[in-house]
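**Student:** Sequence and predicted structure below; questions after.
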Amino acid sequence: MRAFATVAVPILAGGFCLAARALAIAPAKPPPVVLEWHGPDDCQQAPRLLSEVERIVAGAHGASSLVARVTVDRVGRRWHLVLAMDHAGRTTVRELDAETCSTATDAAAVILALTIDTLGHDEADAGTSGQPAPDAGPTDVDAGSLLPPYADAAPTTSEEPPPDDAGDRSSSLPLILLAEVASDTGTLPRTGFGFAGGLGFVAKPLRVEATLGYWPGVSTDLASAPSRGGSFAMFVTELRGCALAEASFLSLGGCAGAGLTTMRAEAFGVTTPISATASWSSFVADGVMIGRLSRVFSLRLNAGMAVPFARATFEVEGVGVVHRPAAAALELGTGVEAHF
């Protein structure tokens with residue numbers, strides 16, 4: 001027994017050392033696909049894509065001969081993904097649209113996994129028949145027939161949504177805040193500039209906007225008595241419905257609705273200070289152009305008109321008419337929108 005132990009122990013120890021060294025120097029398993037990822041900072045999903053492909057193929061792959069190039073861009077509030085797959089000198093391109101970056105990534109993972117599986121079967125069949133594998137690159141794989149629409153087929157790997165999903169959901173809420181600098185020509189005695197702000201609700205391609213604007217005092221003199229006249233200021237409340245068409249980062253359309261104008265006038269150059277207030281409603285219509293600057297902010301331009309249903313007349317007794325709004329007023333505005 002002592003002689004057996006003397007011989008066996010060194011042999012076992014050497015065997016363990018050789019096994020440990022073999023494990024230590026064993027090459028790492030190759031990735032399921034050689035991947036190139038191009039996307040914005042808020043959509044860097046290369047690790048997620050590789051992990052998802054590995055999960056779907058369940059390790060049933062060898063050294064990868066498939067090269068995938070992924071390009072992701074945001075288009076409006078959706079994500080557009082282009083997947084180009086290269087194998088054996090042939091290229092197949094698939095394009096996907098999704099509500100979130102992760103949804104598009106998971107759909108691309110399904111396509112890649114199906115392609116890897118198909119290529120593996122082709123190579124196995126070629127090896128069994130003794131003939132070289134046919135050049136059946138990804139172009140011959142009808143992934144679309146195997147993959148349901150991305151919104152239903154894209155699997156999720158976690159019950160908790162990834163961080164970028166939360167940002168996408170918050171940006172898709174239909175609430176917007178408006179702020180603009182506006183001009184009015186026709187309602188006031190001369191062109192005046194004011195400020196407006198409000199809220200909007202979006203249900204593409206439609207939106208509803210409610211705004212409140214203020215124009216500070218604009219003065220005018222009587223033609224017959226230059227030292228006498230009035231100073232006018234006004235508040236304007238408008239409610240409009242809009243229909244917009246979206247093309248890339250631009251949205252174009254028209255709005256129509258109703259407005260309520262309240263104007264206050266104060267006379268000057270008279271012995272006794274006089275003031276008066278009048279209100280009237282108007283029909284408003286304008287054209288709108290909105291350019292997206294980022295996921296949250298947009299720049300807007302609008303030009304339109306306001307047609308009052310009734311016109312007030314401001315006059316100083318014994319002096320004459322100081323001002324009467326025009327039958328139609330030109331309104332211009334420029335400002336920003338914040339989407340939430």
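**Tutor:** Sure thing, it's come through.

**Student:** switch to C-alpha atoms for all contacts and neighbour counts from now on
**Tutor:** OK.

**Student:** Pull the contacting residues for Val270.
**Tutor:** Listed by C-alpha atoms under 8 Å, 6 or more residues apart in numbering, the contact partners of Val270 are Arg228.

**Student:** Which helix or strand contains Asp42?
**Tutor:** Per DSSP states H and E: Asp42 is located in neither a helix nor a strand.

**Student:** Quick check: it vs Thr100, distance?
**Tutor:** Distance, Asp42 to Thr100, using C-alpha to C-alpha, to the nearest Å: 11 Å.

**Student:** Pick out whichever of these two has more residues nearby.
**Tutor:** Thr100 (21 against 12; other C-alpha atoms under 10 Å).

**Student:** and Ser279, how many residues sit next to it?
**Tutor:** 15.

**Student:** For the closest residue to it other than its chain neighbours, the count of nearby residues, please.
**Tutor:** Distances taken as C-alpha to C-alpha, 6 or more residues apart in numbering place Thr262 nearest to Ser279, at 4.3 Å, with adjacent residues excluded. By other C-alpha under 10 Å, the residues close to Thr262 number 15.

**Student:** Now the element after the helix or strand where Thr262 lies, going C-ward?
**Tutor:** In the assignment (DSSP H and E), Thr262 maps to strand 250-268. Downstream of strand 250-268, the first helix or strand assigned by DSSP H and E is strand 275-292.

**Student:** Please save the CA atoms from the next helix or strand after that next one in CSV.
**Tutor:** Sequence-wise, the next helix or strand downstream of strand 275-292 (DSSP H and E) is strand 297-308. What follows is strand 297-308, C-alpha atoms only, in CSV (Å, rounded to 0.1, in the frame of the first residue of the first chain):
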residue,chain,number,x,y,z
PHE,A,297,-37.8,70.3,-27.3
SER,A,298,-39.1,71.6,-30.6
LEU,A,299,-39.0,75.0,-32.4
ARG,A,300,-42.3,76.3,-33.8
LEU,A,301,-43.3,79.0,-36.3
ASN,A,302,-46.9,80.1,-37.0
ALA,A,303,-48.6,82.6,-39.2
GLY,A,304,-52.3,83.3,-39.3
MET,A,305,-55.2,85.6,-38.9
ALA,A,306,-57.9,86.6,-36.4
VAL,A,307,-61.3,87.7,-37.6
PRO,A,308,-63.4,89.4,-34.9
